[in-house]
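Participant: next comes the sequence, and after it the predicted model I'd like to discuss.
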Amino acid sequence: MSLNKRDQKHLWHPLTQHKMTKDHLAIKSAKGIYLYDEQGHKYIDAISSWYTCVYGHCHPQVVKKVTDQVSQLDQVVFAGFTHEPAVELSEKLMEILPSNQQKIFFSDNGSTTVDIAMKMSLQYHFNQGKKKLRIIAFENAFHGDTFGAMSVSGLDVYNGPFEDVVLNIDRISVPNDANLKDVINAFTAIVETDEVACFVFEPLVQGANCMRMHKAEHLDMLIEIAQKNDVICVADEVMTGFGKTGSIFAADELQNKPDIMCLSKALTAGMVPMGLTTCTQKIYDAFYADEIAKGFFHGHTYSANPITCAAAIASIELIQSDEIQQGIKMINQNHLIFADKLRNHSKVENIRVKGVILAIDLNISIDRYGKDRNVIFNYFMDKGIYLRPLGNTLYIVPPYIMQEEQLNFIYEEIFRYIYEA
Ligand SMILES: *Cc1c(COP(=O)(O)O)cnc(C)c1O
């Protein structure tokens, strides 16, 4: 029986209407920037497998760290025990995180990091006897698929069945030059009620919202207002973290640093899943007490799994290396040149670049998960390029090890598609 037939028997894929999508391409292996299918065709992974494998697939340094760890210590309960990989990871993180981030809390994926950030914020105020229960988030945000993360997410794609059971969230527009004053006024009005626990946002780039971007100076204004009013600012850097915006974290480009940060995706170089919620000493101190109940009673079975810690340590060593930093710069420069070429094309509605992220809105209307979108997807797969268009938005987030030549090949194919389609 073919792999696809066997797949269809028992597997339920994410974000998939199975009646409309029967076949799933079987990928057999991956190395560097390439995915290889069963027939031996190769595809450039132009989105780093959802922004995870940013140093390329199966990077030798990550493979080595992980395999060394596998035979040393596989798993141990992190409530009550500790181990070298977790401690070393915390120390390494301190080298790259904004200096106000002092404490690290482990989980398994991006969604849980956001749930944890929300619970931490609520309990931070609760522990001080304050009733601050409201939460602010941007419109069209995406923070994940668990209940808390789904609640702060504003993208309403197919959330219908849950609409009446999610948390009630105060929504504000993402600021831009035109609406800045209104956004600040609306934000200030909510914050000054003294009922707000936290403000959750994707800093500088909203990934799932077609890579929409906003200015650091605008976000800085909102953070300043929030922090003046004892509202915890949560930067969800699950997508932006580890080099996507050019700096290691998007928060590096902000004057006002977030109180909590959420990390996942590229954190472990795409090798194994892990989530981290980091916070300031001030937040941690609100849980540090003689009363047990003031502690944070949240815990995942695989917290700080040593193998995932080893992968994260390797990832940090890579992002600190000259080679990777140069790769990020090279990709950004080439993106900017390509964007200039396409900017005034009649079929291009908007083109934007931030760090290694390039996004092109085409002048056509396409349903996010519809048939036309699959036509574009298949067009590029036939050329040997894996892209995952979001509606009419084409975007690339290449692995930082990509060479100029391979990058130019992707640009040329995008260029040809826009001219011919
Ligand atoms: C992907 C993503 C998440 C969710 O992460 P999962 O690991 O898929 O649960 C949360 N926030 C942002 C900004 C993301 O891009």
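Facilitator: Alright, I've got the coordinates.
Participant: for the rest of this, base every contact and every neighbour count on C-alpha atoms.
Facilitator: OK.
Participant: pull the CA atoms of the worst-scoring helix or strand of the chain on mean pLDDT into PDB?
Facilitator: The weakest-scoring helix or strand in the chain, judged by mean pLDDT, DSSP states H and E, is helix 371-382 (a mean of 89). This file holds the C-alpha atoms of helix 371-382, laid out as PDB (Å, rounded to 0.1, in the frame of the first residue of the first chain):
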ATOM      1  CA  LYS A 371      -8.300  26.100  -4.200                       C
ATOM      2  CA  ASP A 372      -6.500  29.100  -5.800                       C
ATOM      3  CA  ARG A 373      -4.100  29.100  -3.000                       C
ATOM      4  CA  ASN A 374      -3.300  25.500  -3.700                       C
ATOM      5  CA  VAL A 375      -2.600  26.400  -7.400                       C
ATOM      6  CA  ILE A 376       0.100  28.800  -6.300                       C
ATOM      7  CA  PHE A 377       1.500  26.300  -3.800                       C
ATOM      8  CA  ASN A 378       1.700  23.600  -6.500                       C
ATOM      9  CA  TYR A 379       3.200  26.000  -9.000                       C
ATOM     10  CA  PHE A 380       6.200  26.600  -6.800                       C
ATOM     11  CA  MET A 381       6.500  23.000  -5.700                       C
ATOM     12  CA  ASP A 382       6.800  22.100  -9.400                       C
END
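Participant: residues contacting the helix or strand just after it, please?
Facilitator: Per DSSP states H and E, helix 371-382 leads on to strand 385-386 as the next helix or strand towards the C-terminus. For strand 385-386, the external contacting residues (C-alpha atoms under 8 Å, 6 or more residues apart in numbering) are Tyr43, Ile44, Asp45, Ala46, Ile47, Phe377, Phe380, Ile410.
Participant: what segments of the protein are helices?
Facilitator: Ranges of helices in the chain, per DSSP state H, are 3-10, 48-51, 60-70, 84-96, 110-126, 147-152, 180-191, 216-228, 281-285, 306-319, 322-342, 371-382, 404-420.
Participant: flag whichever of those has the least confidence on average.
Facilitator: In terms of mean pLDDT, the lowest-scoring of these is helix 371-382 (a mean of 89).
Participant: so how far is it from its chain's centroid?
Facilitator: Computed by C-alpha atoms, centre = their mean, to the nearest Å, the separation of helix 371-382 from the middle of its chain amounts to 24 Å.
Participant: what's the angle between that helix and helix 404-420?
Facilitator: 140 degrees (axes from the mean of the first three to the mean of the last three C-alpha atoms, to 10 degrees).
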